[in-house]
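[1] Quick one, structure for this:
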Amino acid sequence: MDIRLDILWIILGTALVTLLPRVIPLVVLSRFELPPKVLRFLNQVPIAVMSALLAQELFLENGRVVPILDNVKLLAALPTFLVAIWTKSLLGTVVTGVVTMALLQLWL
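    Predicted structure coming up:
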């Protein structure tokens with residue numbers, strides 16, 4: 001199998017572009033002790049990003065807001081959220097979401 005040189009350079013370039021924004025802040029910030037307020041803020045970033053992605057998936061379809069009564073994804077998300085909060089089990093949460101979504105699509 002031959003490797004085309006241009007494809008290899010594209011792969012290496014994309015790897016570098018992906019790696020640098022992750023590694024540089026880690027290396028630079030690891031040398032400093034950050035204030036507690038900054039650490040508290042940084043701890044909330046993953047939650048905020050996940051919430052934004054989840055809200056977009058639950059409430060929008062083809063760039064338009066889905067009415068709540070017609071929103072099957074939102075109906076499936078409610079018991080899934082409850083299981084996630086009560087059990088804190090990733091497997092239980094995923095199984096609940098998949099089963100709930102399948103049942104709703106079967107019935108509706």
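
[2] where along the chain do the strands fall?
    60-61, 64-65 (DSSP state E).

[3] what would those strands look like in a markdown table with mean neighbour count, distance to V17 and mean pLDDT?
    Where C-beta positions appear, they are placed from N, C-alpha and C, glycine not excepted. Below are those laid out as a markdown table (neighbours: other C-beta atoms under 10 Å; distance: least, C-beta to C-beta, whole Å; pLDDT from 0 to 100):
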| stretch | mean neighbour count | distance to V17 | mean pLDDT |
| --- | --- | --- | --- |
| strand 60-61 | 13 | 29 | 90 |
| strand 64-65 | 8 | 33 | 90 |
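
[4] For A76, which of the ones you listed is the nearest?
    strand 60-61 (13.8 Å; C-beta to C-beta).

[5] quick one: strands adjacent to the closest one?
    With DSSP bridges as the test, strand 60-61 is paired with strand 64-65 (antiparallel).

[6] List the contacts of stretch 36-50.
    L34 (C-beta atoms under 8 Å, 6 or more residues apart in numbering).

[7] can I get the CA coordinates of it in PDB?
    Extracted C-alpha coordinates of stretch 36-50, given in PDB (Å, rounded to 0.1, in the frame of the first residue of the first chain):
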ATOM      1  CA  PRO A  36      -9.800  29.600  43.400                       C
ATOM      2  CA  LYS A  37     -12.300  31.700  41.400                       C
ATOM      3  CA  VAL A  38     -10.600  30.800  38.100                       C
ATOM      4  CA  LEU A  39     -10.600  27.200  39.100                       C
ATOM      5  CA  ARG A  40     -14.300  27.300  40.000                       C
ATOM      6  CA  PHE A  41     -15.000  28.900  36.700                       C
ATOM      7  CA  LEU A  42     -13.000  26.300  34.700                       C
ATOM      8  CA  ASN A  43     -14.800  23.500  36.500                       C
ATOM      9  CA  GLN A  44     -18.100  24.800  35.100                       C
ATOM     10  CA  VAL A  45     -17.000  24.900  31.500                       C
ATOM     11  CA  PRO A  46     -17.600  21.200  30.600                       C
ATOM     12  CA  ILE A  47     -21.100  21.500  32.100                       C
ATOM     13  CA  ALA A  48     -21.900  24.600  30.200                       C
ATOM     14  CA  VAL A  49     -20.700  23.100  26.900                       C
ATOM     15  CA  MET A  50     -22.600  19.900  27.400                       C
END
